[in-house]
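# Prediction below, plus the sequence it came from.
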Amino acid sequence: MRHLIKVLPLALAACTAQPSGNAVAPAEIVVSLGEIETDVNGRCFATAAGPTRTDIVNELIEVVPAVRAADGSVTSPPVFRNVSRPQTVSTGPGRRFETVCPPVYTIAFVSSLQRALLIRRSYSGPITGRYDEATSLAVQMFQRAEGIDSPLLGVAAARTLGILAVPRG
């Protein structure tokens with residue numbers, strides 16, 4: 001998650017609005033926290049992690065190999081052990097949501113985001129203006145109530161926090 005700040009400057013050009021007469025498919029950029037797609041209107045979208053379940057998987061593993069004589073006969077049989085381990089399995093697709101495009105993540109914007117999360121007791125770190133691991137985890141926890149399990153800030157969450165304008169309607 002620390003790589004987001006390094007990737008964002010490279011992704012700035014990809015989230016600019018495309019000319020309206022251009023019928024090209026939406027451009028895609030990849031951010032270390034997930035994939036962001038840009039539509040022809042310059043809006044950015046991401047997909048949150050889908051639902052999962054954890055299964056317990058039992059495996060029979062060989063802990064001591066068989067010992068064989070020079071003629072190939074087994075002088076000591078192998079030893080096996082039954083081992084149980086958790087395995088996470090995806091149970092459905094993730095939810096697609098509109099996210100804030102990377103050019104919006106200025107130091108002032110991220111500072112406002114951190115203050116808004118701090119006021120709501122979702123963030124306890126310093127106001128640095130950097131979208132670091134602590135900030136992205138706070139965003140993810142804040143958005144989970146809306147069913148979006150992603151460290152990428154959604155437009156709806158930004159509007160709820162009061163840091164992104166609500167369109168007139």
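Arrived safely, thanks for sending.

# Show me which residues of the one helix or strand residue 135 maps to are buried.
According to DSSP states H and E, residue 135 maps onto helix 133-144. Under the neighbour-count criterion of 16 or more other C-beta atoms under 10 Å, helix 133-144 has 134-136, 138-140, 142-143 buried. All C-beta atoms are positioned from the backbone trio N, CA, C, and that covers glycine.

# gap between the residue of the chain positioned farthest from its centre and residue 79?
Most distant residue from the mean C-alpha position of the chain: residue 71, 56.2 Å away (C-alpha atoms, centre = their mean). Separation of residue 71 from residue 79 (C-beta to C-beta, to the nearest Å): 22 Å.

# before we move on, back to that, and which of the buried residues of helix 133-144 is nearest residue 101?
Minimum distance to residue 101 across the buried residues of helix 133-144 is 15.0 Å, recorded for residue 139 (C-beta to C-beta).

# And the helices in this structure, which stretches?
Using DSSP state H, the helices of the chain run over residues 4-11, 107-119, 133-144, 155-160.

# closest one to residue 92 among those helices?
Using C-beta to C-beta, the nearest of the helices of the chain to residue 92 is helix 133-144, at 16.0 Å.

# Now do the closest one: which elements does it pack against?
With contacts defined as 3 or more C-beta pairs under 8 Å, 6 or more residues apart in numbering; DSSP states H and E, the packing partners of helix 133-144 are helix 107-119, helix 155-160.

# Okay, strands next: where are they in the protein?
Taking DSSP state E as the criterion, the chain contains strands spanning 28-31, 34-38, 44-47, 52-64, 67-68, 74-76, 79-90, 96-99.

# Export those strands to CSV and append columns for mean pLDDT and mean neighbour count.
Listed next are the strands of the chain as CSV, based on pLDDT from 0 to 100; neighbours: other C-beta atoms under 10 Å:
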stretch, mean pLDDT, mean neighbour count
strand 28-31, 37, 16
strand 34-38, 76, 18
strand 44-47, 91, 21
strand 52-64, 93, 10
strand 67-68, 94, 10
strand 74-76, 94, 10
strand 79-90, 93, 10
strand 96-99, 92, 18
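
# Just put those in JSON lines and tack on distance to residue 113.
Converted to JSON lines, the strands of the chain look like this (distance: least, C-beta to C-beta, whole Å):
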{"stretch": "strand 28-31", "distance to residue 113": "16"}
{"stretch": "strand 34-38", "distance to residue 113": "17"}
{"stretch": "strand 44-47", "distance to residue 113": "16"}
{"stretch": "strand 52-64", "distance to residue 113": "27"}
{"stretch": "strand 67-68", "distance to residue 113": "63"}
{"stretch": "strand 74-76", "distance to residue 113": "63"}
{"stretch": "strand 79-90", "distance to residue 113": "29"}
{"stretch": "strand 96-99", "distance to residue 113": "13"}
